[in-house]
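# Let me see the structure of the following:
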Amino acid sequence: MKSVVIVAALLAGSASNGAAISDSELSLGGVALGDSESHVLAVLGQPSQQSDTGEGFAFEYPGLTVLIGWLEQAAPGKQRHVLQLNATAPNACTPSGVCPGDPMSKALTVYGQPIKAERDSGSFMEYYSNQSTCWLQLGISGHTVHAINAVCQP
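The predicted model follows:
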């Protein structure tokens, strides 16, 4: 029981320091994780390029890549859904208005203190969802957000 209390306290601490966000923030350019392929096409139109990644399809838009695939729990015949979003364009913003090209100070004001993560692909500032296993990942160059990714743990 003591370990449950400690874990709950740690999670509450993450939320209070701003590192935790809601799933509603896991959206870039008007498209959210879990949205259907048809919703993506309705919002963004036809992609300028489409490629098979082996695990789904990458829809390329100017400054925004939308990875589409089958959700694990999807029944046969169901639509593909958004699995990941990668943004580099200043118009591919989060719902709270954090965009590539913004100063990191804006993300700090909006979301609070991030968690610094060292990944194979580099160093990132991350904000984890308090509702799922997904997060926003900010690529920083100097004091500027140069990329934002919305990703989930598989």
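# What segments of this protein are helices?
2-16, 37-44, 104-111 (DSSP state H).
# what are the ranges of the strands in this structure?
Taking DSSP state E as the test, the strands found in the chain are 20-21, 27-28, 31-32, 49-52, 57-61, 64-69, 81-87, 115-119, 122-129, 134-141, 144-152.
# strands paired with the fourth one, and their directions?
Strand 49-52 has its sheet partners listed here by DSSP bridges as strand 57-61 (antiparallel).
# could you list every residue that touches the closest residue to residue 44 other than its chain neighbours?
With Cβ to Cβ, 6 or more residues apart in numbering as the measure, residue 61 is the residue that lies nearest to residue 44, at 5.5 Å, once sequence neighbours are left out. Every C-beta, even on glycine, is put in place using the N, C-alpha and C of the backbone. When contacts are counted by Cβ atoms under 8 Å, 6 or more residues apart in numbering, residue 61 touches 29, 44, 47, 48.
# Pick out the shakiest of the helices of the chain, pLDDT-wise.
Among the helices of the chain, helix 2-16 carries the lowest mean pLDDT, a mean of 36.
# shaky segments in this structure?
By pLDDT under 70, the low-scoring segments of the chain are 1-19, 72-77, 154.
# Give me the neighbour count for the nearest residue to residue 20 once chain neighbours are set aside.
Distance criterion Cβ to Cβ, 6+ apart; nearest residue to residue 20, sequence neighbours excluded, is residue 130 at 4.0 Å. Around residue 130 there are 14 other residues, counting by other Cβ atoms under 10 Å.
# quick one: residue 130 and residue 26 touch, right?
No. Contact criterion Cβ atoms under 8 Å: residue 130 and residue 26 do not qualify, at 11.5 Å.
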